[in-house]
Each structure stands twice: as C-alpha cells, then as structure tokens.
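Undergrad: Sequence plus the predicted model coming up.
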Amino acid sequence: MRLLIIDDEENIRRTTSVALEAMGHEVVSAGQGAVALKQLERAHFDVAFLDLKLAGENGLELLPELLAADPRLAVVVFTAHASIETAVEAMRRGATDYIAKPFTPEQIRQILSRISKTRQLEGRVAELESRLSADTPAADLVTSEPAMQTVFDVAFKAAATPATILLLGESGTGKTILARAVHDRSAQKDNAFVTVSCPSLSRELLESELFGHAKGAFTGAVGETMGKVALADGGTLFLDEIGEMPMEIQPKLLRLLQEKEYERVGEARTRSANVRVISASNRNLEQAVQQGRFREDLFYRLNVISLQMLPLRQRLGDMRKIAGDYLRFFSVQCGKRINCFSADALEAMEQYPWPGNLRELRNVVERAVILAAGEQIERVDLPEKISRPAQAARAQGVHVGAKVTLEELENEHLAQVIRQTATMEEAAKVLGIDPATLYRKRKRLSL
C-alpha cells in the first residue's frame with residue numbers, strides 16, 4: 001500500500017518509515033499538515049498515520065481536510081496514552097483506527113491487516129450485491145464441445161496470471177459469465193469485480209464512469225465521484241463491448257494498463273490503481289484498427305490472451321444442459337414444479353438458430369416456465385418463431401407497403417441486415433447509423 005506519515009517528530013517519521021518499508025509498503029512522510037495536503041494532491045494514498053499533537057497544529061482539525069482531499073483515505077491516529085479520549089473523538093470524525101505511542105511494528109502490521117481485510121470485504125459485498133441484483137442463474141462452465149472446452153482451459157490457465165484477456169464473440173454468448181469465472185480463479189478473487197458497459201453512455205459520462213470526476217468538472221457534477229477504476233482497485237475491471245469505446249478515452253485506458261495511473265475528470269492529480277483488466281467485444285477489433293476506429297497500441301495491449309466465444313448454434317451439444325439449468329432456476333423462482341422439456345419441445349429448440357445466443361435461450365425458457373400448465377415444457381409453450389417457424393415467417397408479413405407500424409418495419413429491417421452481415425460494424429455501415437446506436441437497438445430487440 002501507499003502510506004503517508006504525518007508527524008512533527010523526525011525520529012518517529014524515520015523509524016516508522018523504516019518499519020513500513022520493511023513490510024513492503026511505499027512510504028512518504030510529512031512534518032506539517034500543509035505538506036501532507038500537498039502530497040495528497042499529487043498522488044493517491046491508501047492510509048495516513050496522523051499525529052494529533054503536531055507542532056502548532058491540531059490533528060483533529062487537519063483530519064477532515066485529509067478526508068476531504070481523499071474520501072477513501074484510511075486515517076490512523078498516533079496518540080499518547082493520556083489522550084485516548086482524543087483518539088476516540090478523532091474516530092467519531094472519520095478516523096479508521098488509532099495506535100498509542102510508543103508502538104511496535106507488529107501493532108502497525110495488525111492495523112494495516114485489518115484495513116486491508118475490510119476493503120476486501122467491501123469489494124466482495126459490492127460484487128455480491130451486483131450478482132443478486134442481476135437475478136441470474138448460477139453459471140455452469142461445463143461443456144461437451146471440444147472447441148468450447150479449449151476456450152475454458154486457456155481462460156482458467158490465464159486466470160492465475162496478471163495478463164489482460166480479450167473475449168470475442170457475438171452478443172449473448174456468455175462473455176460476462178466467463179469474465180466472472182476468470183476473476184473467481186485469480187489472485188484478485190477476494191476483491192471486487194466491476195463491470196463497465198462502454199456503449200451505454202456518452203463519451204463524457206463514460207469517462208466519468210470509468211475514472212471518476214471532481215466537483216464542478218462539468219455541468220451537473222455537484223459532488224465528486226470515485227469512478228469504477230477506483231472501485232476495482234486490487235480486483236478486476238471488466239470492460240464490456242470495448243470496441244465501442246470512443247477514441248478520446250482510449251489513450252487514458254492505455255495509460256492505466258501500462259502505468260497503473262489515471263486522473264479524474266476535471267482534476268490534475270495523478271492517482272494509481274492496480275486493476276486486472278478483462279475486456280469483451282462483439283466487433284472485429286483488428287478491422288477496427290485498420291479503419292482507424294480503434295488504437296493499434298491499445299488493441300495489442302488488450303490482446304495478450306484472446307478467446308473466441310462460440311455462438312449457441314455452434315454448441316448445440318450444450319444447449320439441453322444449459323436450458324435445463326435455466327428451467328430449474330425459473331421453476332423455483334416462479335414457484336412451479338416443472339421437471340423437463342418434452343421431446344417435441346427439445347426438437348424445436350435444437351432446430352432454431354438462436355441469433356440471441358444464451359441471452360435469448362434464457363428469455364425463452366423463462367417465458368415457457370411462466371406459460372407452462374403441466375410438469376414439463378411443451379412445444380406450444382415456446383414462442384411461435386421456435387415452435388412453428390414457417391407459420392411465424394408467413395404470418396409476420398413485415399415488408400415495405402404492408403400494414404405495419406414504422407417501428408415494426410425498422411425492427412424487421414434491422415434483424416435482416418444483422419443476419420446478413422458478418423459484423424456489427426458492417427451492419428451499421430449498411431444501415432447508415434453509428435455502431436453504438438445499432439448495439440443499443442439490437443440489445444432492445446434481443447437479436
């Protein structure tokens with residue numbers, strides 16, 4: 001960790017620095033409050049050790065200034081035995097812990113261990129809350145497809161290393177699920193797994209979402225925001241649909257990857273974050289590099305380990321098991337006792353191309369469980385496009401001049417163009433719209 005010692009006694013600063021550096025920490029010391037605040041402006045610190053009796057200064061008055069400069073800073077107060085009450089008051093004002101003088105290196109080691117464990121727990125709580133809010137069945141990364149097994153084997157070997165991983169494949173193929181599984185098998189598993197969806201926000205808001213912003217950095221920035229990079233410090237940052245990241249932000253991400261440094265929007269102070277980056281894209285990034293839409297140096301930095309996720313139509317050997325997992329999950333959630341799919345229903349599902357991949361399968365199974373009247377899913381419980389594809393195609397009748405809404409016509413045109421093109425970028429070019437716009441429309445239609 002990066003530690004800041006604030007004490008007016010040079011001997012205390014020197015001996016404490018030696019002890020902390022011997023433990024493997026990076027240490028900076030300051031003899032005055034003003035010097036300490038300047039250090040906080042220049043760089044990020046994890047913990048500050050603050051003497052409450054500074055020469056000519058009151059540590060209790062300096063404490064809120066330190067926390068205002070960096071709200072995530074853990075402040076540990078130094079105090080003499082006679083001023084324990086003052087230390088308690090400091091904790092009421094935001095200090096994390098206190099240590100009585102004279103102290104031993106072991107006492108400091110125990111305090112730092114408690115701070116580290118608390119931050120790990122906070123990260124895990126945030127991750128568990130995210131998983132619960134997603135309301136998604138537990139992932140089962142077992143496959144009968146050799147090509148998919150190779151993907152999993154490489155991913156889990158890479159998990160034990162700090163290497164960046166790039167997951168490629170169509171939307172809905174399980175890239176987020178695999179990214180979480182890699183995190184759970186990594187050295188970062190006790191810290192947070194933080195997701196950022198690159199196409200969901202404008203350039204300004206995405207930059208703020210990633211790196212945070214200072215108060216007043218832009219209109220509406222009434223307070224400061226930490227950003228997802230700070231939340232993921234010590235853990236994993238998952239960048240979903242990295243191919244949609246605006247060019248203006250890409251150099252800042254490259255700096256984070258290479259130097260572990262970044263700056264908040266509207267702030268000149270350099271901060272550090274040790275994050276493991278996993279990214280995902282349904283676009284052809286090499287083609288995007290050739291077309292000048294994605295930085296070549298960033299692509300090579302992200303592409304240390306590249307894995308291609310198979311679409312569901314190419315892993316039908318797994319479809320029955322995955323559908324069965326979804327069936328059990330939604331049966332419990334809906335309070336029903338549905339045991340299986342009928343042979344007729346399974347036949348229809350295996351003949352369907354699943355353009356929406358696992359995401360579409362999940363939605364289909366959830367709908368079928370809700371509609372099912374018996375103890376198994378019947379063909380009639382499936383959407384018409386799966387149960388009666390030929391009739392559905394004839395009944396749809398969406399074409400230019402038909403008595404349909406503009407929205408229906410647009411949706412059908414989008415679906416057909418996406419099916420006929422190799423990449424989302426090519427589809428966007430045919431449609432004459434921005435790829436990020438097409439991605440949002442496709443997500444809305446579950447294509």
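TA: Yep, it's here.

Undergrad: In the chain, where is pLDDT below threshold?
TA: Applying pLDDT under 70 to the chain picks out residues 81-83, 123-140, 217, 219-223, 389-404, 444-447.

Undergrad: Could you find the residue nearest the spatial middle of it?
TA: Central residue of the chain (CA atoms, centre = their mean): Thr195, 1.7 Å from the mean position.

Undergrad: Could you look up the SS state of that residue?
TA: At Thr195 the chain is in strand, as set by DSSP: H, G, I helix; E, B strand; the rest coil.

Undergrad: For the spatially closest residue to it that is not a sequence neighbour, give me phi and psi.
TA: Closest residue in space to Thr195, ignoring its immediate chain neighbours: Phe238 at 4.7 Å, by CB to CB, 6 or more residues apart in numbering. C-beta here means a position set from N, CA and C on the backbone, and glycine is covered the same way. Taking degrees, to the nearest 10, you get phi -100, psi 120 for the backbone angles of Phe238.

Undergrad: and Phe238, how many neighbours does it have?
TA: Neighbour count for Phe238, taken as other CB atoms under 10 Å: 26.

Undergrad: I'd like the distance between it and Arg109.
TA: 33 Å (CB to CB, to the nearest Å).

Undergrad: got the contact list for the residue nearest to the centre of the chain?
TA: Ser130, Thr176, Lys228, Phe238, Asp240 (CB atoms under 8 Å, 6 or more residues apart in numbering).

Undergrad: quick check, nearest of these to Asn357?
TA: Thr176 (12.0 Å; CB to CB).

Undergrad: Quick one: residues contacting that closest one.
TA: So Thr176 contacts Thr195, Phe238, Asp240, Ala280 (CB under 8 Å, 6+ apart).

Undergrad: correct me, but the second one touches Ala192?
TA: Pointing back at Phe238 there. No - between Phe238 and Ala192 there is no contact under CB atoms under 8 Å: 10.5 Å.

Undergrad: which residues in the stretch 51-200 of the chain form helices?
TA: Applying DSSP state H, counting those that start in this stretch to the stretch 51-200 of the chain gives helices spanning 59-69, 84-92, 105-134, 146-159, 175-184.

Undergrad: The shortest one: which residues count as buried?
TA: Okay, so that is helix 84-92. Residues of helix 84-92 classed as buried by neighbour count (16 or more other CB atoms under 10 Å): Thr86, Ala87, Ala90.

Undergrad: Tally up the residues packed near the closest residue to Tyr439 other than its chain neighbours, please.
TA: Among residues not flanking Tyr439 along the chain, Pro199 sits closest, at 4.8 Å (CB to CB, 6+ apart). Per other CB under 10 Å, the neighbour tally for Pro199 reads 20.

Undergrad: residues in contact with Pro199?
TA: Counting by CB under 8 Å, 6+ apart, Pro199 has contacts Glu241, Glu244, Pro435, Ala436, Tyr439, Arg440.

Undergrad: Give me the distance between it and His213.
TA: As judged by CB to CB, Pro199 and His213 stand 20 Å apart.

Undergrad: if I pick the closest residue to Ser144 other than its chain neighbours, what's in contact with it?
TA: In space, and not counting its chain neighbours, Ser144 is closest to Gly317: 4.4 Å by CB to CB, 6+ apart. Residues in contact with Gly317 (CB under 8 Å, 6+ apart) are Thr143, Ser144, Glu145.

Undergrad: swap in Gly374?
TA: Gly374 makes contacts with Ile338, as judged by CB under 8 Å, 6+ apart.

Undergrad: Good, we can wrap up now.
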